[in-house]
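>>> A structural model of the following input is requested.
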Amino acid sequence: MKFTSIPEAYSSFREPLLYTFNTESTTPRDVELKIINRTTGEEIGRKRLYNVTTGEVDIAPYLRSAARTTLPSSIEECGEVSVGTTIKVVVEAEGVTSSSRNFIAATIDRDALFTLLTTQQRHRTMERDEFDLISYFTWPDIVVSFDVEFIGSGTDLITITPPSGGQRTVAVTARGREGVDTIRVSIKVDDQVQEEIEYDLMPNIRGSHRVAWLNTHRSPEVYTFPLRKSVLIEATRRHIESVWGREAAAVEGASELKLLSAYEPEHQLKALAEILHSPRVWLVEGLTVQDVMLTTDRVLLSPNEEMGIIEVDIRAAEEGVQLW
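Sure, this is the predicted structure:
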């Protein structure tokens, strides 16, 4: 028994990941393959092929279920955070184990040493106690560092250097820092600045809501919708029939928010429109998150380069739970 081919490291688990094998026997037999999370040792799934001497299995569907991209439960300071966009696996069959591979959510240009996995504009705004997330991909042995400069009544600089290699996410926040008006993030690759993202820190206006979603790279994005157009509250009273007559059994309710973006350029509007294709959406308040469901079916964008707005409708993902 041997594996004759396995996918390249850092391939996307949103595309086919084919493992092929040869039993090295002319007699057909049943072969069971196990997909193992190399980091935790847990079995992700298994596949049995019947009466074969050679075969192949696509493990991508198993990884898409196992590697569930999410937001951190809490962010207190700047630094790398785990959002579930990378999974390390091996495949086992008949006592033979394949080489381990890191697979990622994003589909990347394999010729690029570094790829920034954010689609929003580089000039952003957020509240001082809020956070933003910056995702990127780089190959092993490529050193990526984040110089985070806090500018206000004084200037302070910290440097974040995540481990090399893979799809990674860094959180940026001014939480716990007084007198900060601006955050400037310089992303360096092998000590050379490749990208800069700047944040204006200002209080949110009343009715604003911060929303997070997964972009086309399946990396998290966060944006503050400054306007709330309307709040829809639905309630349904359930009844049961009993020997004493018809009685109220429960009241089920749901609330829905219609949020409007600021006037944004075309590039930013297209980035916000990716929320429609996101498998998960969250409402973010300060450092805590709430799962929500997007009820918007489509977004209309202006075909020119003028400024415009985008509307989204959200409701709580769990029935009976109220939105913040």
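
>>> do you know how far the closest residue in space to Gly207 that isn't next to it in sequence is from Thr295?
Of all residues not flanking Gly207 in the chain, Arg228 sits nearest, at 3.9 Å (CB to CB, 6 or more residues apart in numbering). Bear in mind the C-beta positions are built from the backbone N, C-alpha and C, glycine included. As for Arg228, its distance to Thr295 is 15 Å (criterion: CB to CB, to the nearest Å).

>>> go on, Ser255?
With distances taken as CB to CB, Ser255 is found 11 Å from Thr295.

>>> What of Asn22?
For Asn22 relative to Thr295 (CB to CB), the value is 50 Å.

>>> List the contacts of the closest residue in space to Pro226 that isn't next to it in sequence.
For Pro226, ignoring the flanking residues on the chain, the nearest one in space by CB to CB, 6+ apart is Ser208 at 4.6 Å. Each residue near Ser208 by CB atoms under 8 Å, 6 or more residues apart in numbering is listed here: 224-228.

>>> Let me know the closest of these to Asp132.
Thr224 (9.9 Å; CB to CB).

>>> ok, the closest one - how many residues close by?
Per other CB atoms under 10 Å, the neighbour tally for Thr224 reads 21.

>>> what's the nearest residue to it if we skip its chain neighbours?
Arg210 (4.7 Å).

>>> Just confirm Gln268 contacts Gln121, I think it does.
Yes: using CB atoms under 8 Å, Gln268 makes contact with Gln121 at a distance of 4.7 Å.

>>> before we move on, the earlier item: enumerate the beta-bridge partners assigned to the residue nearest to Gly207.
Leu259 (DSSP bridges).

>>> and what of Arg168?
Beta-bridge partners, per DSSP bridges, of Arg168: Tyr136.

>>> Quick check: it touching Tyr136?
Yes: here Arg168 reaches Tyr136: they are 6.2 Å apart, a contact under CB under 8 Å.

>>> list residues touching both of the two?
Residues touching both Arg168 and Tyr136 by CB under 8 Å, 6+ apart: Val144.

>>> what's the burial count for the residue nearest to Thr224?
Arg210 is flanked by 22 other residues according to other CB under 10 Å.

>>> now Arg128
Residues lying near Arg128 (other CB under 10 Å) number 19.

>>> Please tell me how far it sits from Leu294.
For Arg128, the distance to Leu294 - CB to CB - is 28 Å.

>>> Over to Met202?
Counting by CB to CB - Met202 and Leu294 are separated by 27 Å.

>>> So for the two, which sits in the more crowded spot?
Leu294 (18 against 12).

>>> For this protein, give me the ranges with low pLDDT.
Low-confidence segments of the chain (pLDDT under 70): 229-254, 287, 297-305, 318-324.

>>> As a check, name the ranges of all helices in it.
Under the criterion DSSP state H, the chain contains helices at 60-66, 266-273.

>>> Format these as a markdown table; extra columns: distance to Ile104 and mean neighbour count.
Converted to a markdown table, these look like this (distance: least, CB to CB, whole Å; neighbours: other CB atoms under 10 Å):
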| stretch | distance to Ile104 | mean neighbour count |
| --- | --- | --- |
| helix 60-66 | 10 | 17 |
| helix 266-273 | 20 | 18 |
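
>>> And those helices: which comes nearest Asp156?
The nearest among the helices of the chain, by CB to CB, is helix 266-273 at 28.6 Å.
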